[in-house]
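In: Give me a model of this one.
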Amino acid sequence: MPVANPLLRSAWGILSCAGLALAGASCASSRLEWSEPEFGRAALRGENVTVAGVIDRCGRLSGREAGALSSTVALQLRKRGKDVAVQRSGGSQGQRLSRNANVAAVARENLRKGKARYVLVMELLENGTSRDVDHSCEEITEAVYDKEGKQVGCRVVRIDYTTRSIAYRHAEIRCHLWERGRSDAVWVVTARHRESRSRSRIAHCDYPPPPPFPDPPALADLADNLGRASLRKLRR
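Out: Sure, this is the predicted structure:
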């Protein structure tokens, strides 16, 4: 008579643990909009860069979030530029700029007032949230052996049905790098990213009703990936 071994798992989908989970979607993406032909990391070597702040085109940016974005981009500039000195313009609350601010005007004002050769101005182009409900199922099986101990098949002992409530935040920023003595930006890049939080319920007969939606991730949670993606487009 066939006998069964301990449970083996064969997945039909992703089975989430019940409770709250934080998950990033894919890596942040970025697109180089413009670069002077000769401009790259070497041009920043030994230079000073001022991060002027974030122009809030969406009208929903807090001073803390603007500070997080500015700090992240400043950190990535330090990592990618050799001997580059990066400073932020003003305090953390001063990093949030009016949604009607002009990129060129902000850059020129910072170059006029400061001594840095370069000024970086960011625009927050998108800062939105969305929701979704996802279903997945997983078969829990056990192997079946004959009396000689040879596996002859497997049988399903349980099916786990999972319903997830997912809250997303998606953001897009554009970075403009200006150089003293130039009439326009020498480097412009756009970066996008999305992250999510989810709650799950599991049942064994059918898909359960969705659990309450969690709060979406904060914009500050996306800042590191947005900064990394932006500076990846800085030519070596």
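
In: Residue 78 in helix, strand or coil?
Out: The local conformation at residue 78, judged by DSSP: H, G, I helix; E, B strand; the rest coil, is helix.

In: What ranges in the chain fall below the confidence cut-off?
Out: Scanning the chain with the threshold set as pLDDT under 70 gives 1-26, 82-83, 90-94.

In: Could I get the full set of helices for it?
Out: Under the criterion DSSP state H, helices of the chain are mapped to 41-44, 63-80, 103-113, 219-232.

In: could I get the ones you listed as CSV with mean neighbour count and distance to residue 31?
Out: Backbone N, C-alpha and C define where each C-beta goes, glycine included. Conversion of the helices of the chain to CSV gives the following (neighbours: other CB atoms under 10 Å; distance: least, CB to CB, whole Å):
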stretch, mean neighbour count, distance to residue 31
helix 41-44, 18, 18
helix 63-80, 20, 16
helix 103-113, 16, 17
helix 219-232, 22, 9
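
In: I'd like those written out as JSON lines, with distance to residue 96 added.
Out: Output for the helices of the chain, formatted as JSON lines (distance: least, CB to CB, whole Å):
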{"stretch": "helix 41-44", "distance to residue 96": "25"}
{"stretch": "helix 63-80", "distance to residue 96": "4"}
{"stretch": "helix 103-113", "distance to residue 96": "12"}
{"stretch": "helix 219-232", "distance to residue 96": "12"}
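
In: Tell me which of those helices approaches residue 163 most closely.
Out: Nearest to residue 163 among those is helix 219-232 (24.1 Å), distances taken as CB to CB.

In: Show me what that closest one packs onto, helices and strands only.
Out: Identification of packing neighbours for helix 219-232 by 3 or more CB pairs under 8 Å, 6 or more residues apart in numbering; DSSP states H and E yields strand 29-35, helix 63-80, strand 151-179, strand 187-203.

In: Make JSON lines from those and add distance to residue 106 to it.
Out: Below are the helices and strands packed on helix 219-232 laid out as JSON lines (distance: least, CB to CB, whole Å):
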{"stretch": "strand 29-35", "distance to residue 106": "17"}
{"stretch": "helix 63-80", "distance to residue 106": "13"}
{"stretch": "strand 151-179", "distance to residue 106": "9"}
{"stretch": "strand 187-203", "distance to residue 106": "14"}
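
In: Looking at the ones you listed, spot the one closest to residue 141.
Out: Taking CB to CB, strand 151-179 is the member of those nearest to residue 141, at 4.6 Å.

In: Quick check: neighbours of that closest one in the sheet, parallel or antiparallel?
Out: With DSSP bridges as the test, strand 151-179 is paired with strand 118-145 (antiparallel), strand 187-203 (antiparallel).

In: Flag every buried residue along that strand.
Out: 154, 160-179 (16 or more other CB atoms under 10 Å).

In: what's the angle between that strand and helix 219-232?
Out: Orientation note: strand 151-179 sits at an angle of 70 degrees relative to helix 219-232 (axes from the mean of the first three to the mean of the last three CA atoms, to 10 degrees).

In: Let me know whether residue 48 touches residue 117 as I believe.
Out: Yes. Taking CB atoms under 8 Å as the definition, residue 48 is a contact partner of residue 117 at 5.8 Å.

In: distance of residue 218 from residue 123?
Out: 19 Å (CB to CB, to the nearest Å).

In: So between those two, which is more surrounded?
Out: Using other CB atoms under 10 Å, the more surrounded residue of residue 218 and residue 123 is residue 123, with 21 against 14.

In: you'd agree the more buried one is up against residue 52?
Out: No. If you go by CB under 8 Å, residue 123 and residue 52 don't touch, sitting 11.2 Å apart.
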